[in-house]
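**Q** got a predicted model here, sequence first, then my questions.
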Amino acid sequence: MVRIRGVYAVLGGEAIMWVGVVGGVLLGYVFSHGVCLHAVYDVSPLGLLLIIIIRNASFALVVFLVSYSLFIAYFVLFVEGLYVGFSVSFTVRSLMALILLLPHGVIELLGYSLFALAGVKYHSGDVGYLRLLVLGIAAIVVAAFVEAFISPSVARYLFGRALCGVVI
């Protein structure tokens, strides 16, 4: 029974974060009104991979440390989802921004949800959190590879060579 609850908690975390992402995209779509704040950094895919891993690992650590309860974990995941969705919506200026997040987002959000559940277990004294941390780290690293190497190709294919007039 505990294993099933853990699966539901992880899936719940992922669902909550996707609700945040969709909400952020919708907010950005409403407020952007033709504005594009996209900045492209001239970074190689390996450099981008390193940046993504550092950023995602930092956020995952915060999620782990503050997850005293599922409510707090879900709140943090939701707010991060809002931030990501809002940021991406300015780049693409379309609800199609969600498609850019799908190749890596499902795996990345799964990793964050595993970190959230691991934090809840750690703070409650359950020793089963280590396995969740290892799985969460693996998910974050795999998602970073997909985000650095596959997501840009998907963006180029779907939106041509330019996003907001900036060549990618």
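**A** Now that the structure is in, tell me what you want to look at.
**Q** what's the neighbour count on the closest residue to G136 other than its chain neighbours?
**A** Once flanking residues are discounted, G136 sits nearest to L114: 3.5 Å by CB to CB, 6 or more residues apart in numbering. Placement of C-beta: from N, CA and C, glycine included. Other residues near L114 come to 29 when the count uses other CB atoms under 10 Å.
**Q** distance check, L114 against L98.
**A** For L114, the distance to L98 equals 22 Å [CB to CB, to the nearest Å].
**Q** same question, I16
**A** Per CB to CB, I16 is found 16 Å from L98.
**Q** the more surrounded of the two?
**A** Applying other CB under 10 Å to I16 and L98 shows that I16 carries more neighbours, namely 23 against 18.
**Q** look up how far I54 lies from that one.
**A** For I16, the distance to I54 (CB to CB) stands at 24 Å.
**Q** cool, H104 as well?
**A** From H104 over to I54 (counting by CB to CB), the distance is 15 Å.
**Q** what about these two, which has more around it?
**A** More crowded of H104 and I54, by other CB under 10 Å: H104, with 22 against 11.
**Q** go ahead and confirm the more buried one touches E147.
**A** Yes: H104 is within contact range of E147, at 3.9 Å (criterion: CB atoms under 8 Å).
**Q** so the residue nearest to G136 is in which element?
**A** helix 97-123 (DSSP states H and E).
**Q** likewise for V141?
**A** helix 129-149.
**Q** buried set for that helix?
**A** 129, 132-133, 135-137, 139-141, 143-144, 146-148 (16 or more other CB atoms under 10 Å).
**Q** how about stretch 99-117?
**A** Within stretch 99-117, the residues scored as buried using 16+ other CB under 10 Å are 99-101, 103-105, 107-117.
**Q** tell me, how many residues neighbour the residue lying closest to F86 once chain neighbours are set aside?
**A** Once flanking residues are discounted, F86 sits nearest to G24: 3.8 Å by CB to CB, 6+ apart. Neighbourhood size, G24 [other CB under 10 Å]: 23.
**Q** cool, thanks, talk later.
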